[in-house]
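Colleague: give me a 3D structure for the following:
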Amino acid sequence: MTLTITLNHRNFTMILRPVTMKEKIFLQLIWPRRNKMTKAIPVKTTWARRFDGYLFISSENDKDLPAIRAVESESRDNLWEKTRQGLIHAYQAEIDKYDYFMKADDDTFVIVENLRYLLAGKNPNEPFLMGRRFKTFIKQGYTSGGAGYVLSRAGLRLIAEGMIREISGCRKHYGPEDVNLGKCAEAVGVQIHDSLDEHQQEVFHPFRPTSMFNKGFMDRISWIHAYNYFPVKTGLDCCSDHTVSFHYVNPSEMYALEFLIYHLYPYGITRDIKQYEKARQLRNSQK
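Modeller: The predicted structure is shown next:
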């Protein structure tokens, strides 16, 4: 007999689905240097280490993290330039070593295994961008910076070369980093690929888990409903079972998520893929 576990998310059976993926993913982390022990170290000791390679982008060099100096000083106005220089560095130093390149913040939490699952079957030689898709400001939209976004190798090449040549949309200037990246992507022909799962649920999330699952909170945040490319689902339907990321996650929450995702194994949960699919169908039929 197969046991199922009952939670607020109705009856379901969890599994660990292995993803064999030969492609390598590099992580670029935007980090204000003042937060090394309180932000950078928690990121490094939890989710960042599951990438094939990572680098903190900051205003100083740090061999221990490691981090490189991309800007002269720390300020929100320098966020776009920090991102620009980080992407140019990834292009010049890492383009031949990796297939995909993710940008995230030091308060993002990424479930790397689900990112690999999302990218499985994709072609890194096709220029594309993936993330939480917003629809304002740019014709094809842009991807949320805080939730993190992923560029294919071909996408990084086009964007970085556009930045180096300082073409319109990719130059050094002020403004929101994620909007600027979206403008640059559109200018050089990098398309946004939708990241919804097979059940049309989001996998990149611009808020922490407790906010995403709070229907009242999400209903009150008017901008997310105005910006989101797809209709926002709230409550327990907010998030894919194969969620990739959350934003605004503090260090204590990072360690808690690390434990809950990777170390907590409730007794009686099966990890058989067929049982998982049956349980998923059962759960959907009960909605």
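
Colleague: okay, helices next: where are they in the stretch 151-287 of the chain?
Modeller: With DSSP state H, counting those that start in this stretch, the ranges of helices along the stretch 151-287 of the chain come out as 153-165, 177-188, 209-212, 215-220, 222-227, 251-262, 273-285.

Colleague: most tightly packed of these?
Modeller: Comparing the helices of the stretch 151-287 of the chain by mean neighbour count (mean count of other CB atoms under 10 Å), helix 177-188 comes out on top with a mean of 23. All C-beta spots, glycine's among them, are computed from the backbone N, C-alpha and C.

Colleague: and it, what does it pack against?
Modeller: Here helix 177-188 touches helix 79-94, strand 142-143, helix 153-165, strand 191-192, going by 3 or more CB pairs under 8 Å, 6 or more residues apart in numbering; DSSP states H and E.

Colleague: what lines up beside the helix or strand following the longest one in the sheet?
Modeller: On the C-terminal side of helix 79-94, the nearest following helix or strand under DSSP states H and E is strand 100-105. For strand 100-105, the paired strands and their directions (DSSP bridges) read strand 25-30 (parallel), strand 149-152 (antiparallel).

Colleague: what mean pLDDT does the next helix or strand after strand 100-105 get?
Modeller: Toward the C-terminal end, the helix or strand that comes next after strand 100-105 (DSSP H and E) is strand 109-110. Averaging pLDDT along strand 109-110 gives 99.

Colleague: give me the contact list for strand 109-110.
Modeller: 27, 46-47, 50, 102, 104, 148, 244-246, 249, 253-254, 257 (CB atoms under 8 Å, 6 or more residues apart in numbering).

Colleague: ok, and what's touching the helix or strand just after it?
Modeller: Using DSSP H and E, the helix or strand that follows strand 109-110 towards the C-terminus is helix 112-119. For helix 112-119, the external contacting residues (CB under 8 Å, 6+ apart) are 17, 19, 21, 23, 25, 47, 50-51, 100, 102, 130, 150, 195, 203, 242-245.

Colleague: re earlier: out of the contacts of strand 109-110, grab the one that's most surrounded.
Modeller: Counting by other CB atoms under 10 Å, Val244 has the largest number of neighbours within those, with 31 neighbours.

Colleague: now do the contacts for the nearest residue to Ala40 once chain neighbours are set aside.
Modeller: Distances taken as CB to CB, 6 or more residues apart in numbering place Trp31 nearest to Ala40, at 5.3 Å, with adjacent residues excluded. Going by CB under 8 Å, 6+ apart, Trp31 touches 39-40, 56-58, 65, 67, 106.

Colleague: can you rerun that using 7 Å?
Modeller: For Trp31, the contacting residues are 39-40, 56-58, 67, 106, by CB atoms under 7 Å, 6 or more residues apart in numbering.

Colleague: so it versus Asp77, what's the distance?
Modeller: 16 Å (CB to CB, to the nearest Å).

Colleague: what's the answer for Asn114, then?
Modeller: Taken as CB to CB, the span from Asn114 to Asp77 is 33 Å.

Colleague: show me which of the two is the more surrounded one.
Modeller: Between Asn114 and Asp77, counted using other CB under 10 Å, the more crowded position is Asn114 (20 against 12).

Colleague: now do stretch 139-158: distance to the chain's middle.
Modeller: Centre-to-centre, stretch 139-158 and its host chain are 10 Å apart (CA atoms, centre = their mean, to the nearest Å).

Colleague: same check on stretch 117-135?
Modeller: 11 Å.

Colleague: which strand or helix spans the closest residue in space to His89 that isn't next to it in sequence?
Modeller: Closest residue in space to His89, ignoring its immediate chain neighbours: Ile68 at 6.4 Å, by CB to CB, 6+ apart. Element membership of Ile68 [criterion: DSSP H and E] is strand 67-69.
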